[in-house]
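# no sequence for this one, just the structure:
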């Protein structure tokens, strides 16, 4: 499967192991929640490898040194409600000083289009690196709508993290937002008639919160 250059599949063994556990229908909500948080941290590690650094003078217990620190304003993590919250927890474990924004979207069951019901961002978004996260990139309608809104409010450096994508959704997202890298654990071949990824892992929000 040849994917657009902006789609990055993270093949680390721990990521793949945790994704398999999440796919298993016998995995409980508690374990699904823990695995989502853990895989979020691992995907975030890969997605943040190019954050800029600046040198600063510090003193260790032994001697002074010139050492690296993250440069610029704090990162902003933007989960797409509601399932994105579980993924954001892992990203916050990785970057605990990050700020958070929220995008509330639901998928119209007839058209499968994204409908916005909530949007709240930190100030100075134009000067911050932004990671938008949602466990699934299926039709890509929600992801595209969320990134559209981020660009509308001035975000310039955006990345998207999901644990699982459909090939259709990955291609659709890359066509609209080729400048936004996507980091995912796997790309599945197809969608069913209800817009679910196949073989996928079911509804991430329902499995995360135990609502079905």
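Received, thanks. Predicted model, so just to flag it, every value in this text is computed and none were measured.
# switch to C-alpha atoms for all contacts and neighbour counts from now on
Will do.
# Could you say which helix or strand holds the closest residue in space to residue 28 that isn't next to it in sequence?
Spatial nearest neighbour of residue 28, chain neighbours left out: residue 207 (7.8 Å); criterion: CA to CA, 6 or more residues apart in numbering. Counting by DSSP states H and E, the element that carries residue 207 is helix 204-209.
# Low-confidence regions, this protein specifically.
1 (pLDDT under 70).
# The top helix by length along it: which residues count as buried?
Taking DSSP state H as the criterion, the chain has its longest helix at helix 29-47. Within helix 29-47, the residues scored as buried using 16 or more other CA atoms under 10 Å are 29, 32-44, 47.
# Out of those residues, which is nearest to residue 173?
When the buried residues of helix 29-47 are compared for distance to residue 173 (CA to CA), residue 47 wins out at 17.1 Å.
# Look up which helix or strand the spatially closest residue to the closest one that is not a sequence neighbour falls in, please.
With sequence-adjacent residues excluded and distances taken as CA to CA, 6+ apart, residue 47 is closest to residue 183, at 6.6 Å. Using DSSP H and E, residue 183 sits within strand 182-184.
# do residue 147 as well
Counting by DSSP H and E, residue 147 is part of helix 141-152.
# Check which residues of that helix are buried.
For helix 141-152, by 16+ other CA under 10 Å, it's 141, 142, 143, 144, 145, 146, 147, 150.
# and what of stretch 175-184?
177, 180, 181, 182, 183, 184.
# same thing with stretch 111-126?
Under 16+ other CA under 10 Å, the buried positions of stretch 111-126 are 113, 114, 119, 121, 125.
# and what of stretch 89-103?
89, 90, 91, 92, 94, 95, 98, 99, 100, 101, 102, 103.
# Which ones among those lie within helices?
Those of those lying in helices (DSSP H): 89, 90, 91, 92, 94.
# can you redo these as TSV with distance to residue 134?
Shown next, in TSV, are these (distance: CA to CA, whole Å):
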residue	distance to residue 134
89	12
90	12
91	12
92	14
94	17
